[in-house]
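Undergrad: sharing a model that was predicted from the sequence below.
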Amino acid sequence: MPREKDFDQQAVVKKCIDLFAHHGYSATGIQEIVDNTGINRSSLYSTFKGKDELFLTCLKKVMQEEILSLEALQKKLSPIKLIDAYLASVTKDKAGYHLLKFATAEFKLLNKRSQTAINAHYQWKQTFFEGVLMQAQKNGKLSKKIEVGDMVSLLELIVQGVQNFSHLNNADRLYKKPSIRFSKLIQRKKA
């Protein structure tokens with residue numbers, strides 16, 4: 001009969017999300033994980049099979065939370081307000097966005113399963129926002145002269161810009177300027 005786990009797996013994953021978000025994948029060592037989570041090394045390997053699988057678990061949790069959050073916002077907000085809410089959330093969930101940023105930056109160091117998860121999530125997000133922007137265009141909130149692909153690219157640039165600077169104390173101010181420009185651009189009525 002297997003021994004029962006004497007740790008909270010979700011709490012370990014949450015702490016590891018913070019660790020990976022702060023240091024990145026390659027700079028976070030097994031000993032640091034053990035020291036910060038209180039999990040012993042044998043439990044770490046028996047539960048997560050090592051750092052690669054633990055990172056994948058953290059990555060999937062962050063991605064799942066982002067998907068659930070965006071889908072919930074889509075049900076209750078107009079397309080323009082949804083985009084604004086998403087951009088505002090970038091500065092709030094720093095650990096999740098830093099984890100995704102490091103995962104993208106260290107993509108080649110990750111195992112194939114993590115690489116596949118990152119690609120799938122990026123494609124999902126791209127498709128999701130294309131749908132949101134097409135809905136805004138259909139509702140007359142987005143000028144037909146502005147291509148949806150350009151809007152998605154602009155959105156990604158804004159998000160990446162915020163991610164790059166979100167570790168600074170003035171991240172909220174850095175967010176406001178590009179988001180105001182973005183909001184003005186997408187709120188133009190049909191010509």
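TA: Perfect, thanks for sending it.
Undergrad: could you pull out the strands in this protein for me?
TA: In the chain, no segments count as strands under DSSP state E.
Undergrad: got any ranges where it has weak pLDDT?
TA: Applying pLDDT under 70 to the chain flags the ranges 1-6, 90-93, 141-191.
Undergrad: which residue ranges of it form helices?
TA: 9-23, 30-37, 41-48, 51-76, 79-92, 94-105, 112-138, 148-165, 171-186 (DSSP state H).
Undergrad: winner for burial among those?
TA: Of all those, helix 94-105 has the most neighbours on average by mean count of other Cβ atoms under 10 Å, namely a mean of 20. Any C-beta I mention is one placed from the backbone N, CA and C, and that applies to glycine too.
Undergrad: tell me what that one is packed against?
TA: Counting contacts by 3 or more Cβ pairs under 8 Å, 6 or more residues apart in numbering; DSSP states H and E, helix 94-105 packs against helix 9-23, helix 51-76, helix 112-138, helix 148-165.
Undergrad: can I get these in a markdown table including distance to Ser43?
TA: Formatted as a markdown table, those follow (distance: least, Cβ to Cβ, whole Å):
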| stretch | distance to Ser43 |
| --- | --- |
| helix 9-23 | 9 |
| helix 51-76 | 11 |
| helix 112-138 | 21 |
| helix 148-165 | 33 |
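Undergrad: out of those helices, which gets nearest to Leu87?
TA: Closest to Leu87 of the helices and strands packed on helix 94-105, according to Cβ to Cβ: helix 148-165, at 6.3 Å.
Undergrad: to Ile39, which of the helices and strands packed on helix 94-105 lies closest?
TA: Of all the helices and strands packed on helix 94-105, it is helix 9-23 that lies closest to Ile39, at 5.4 Å by Cβ to Cβ.
Undergrad: appreciated, that's everything.
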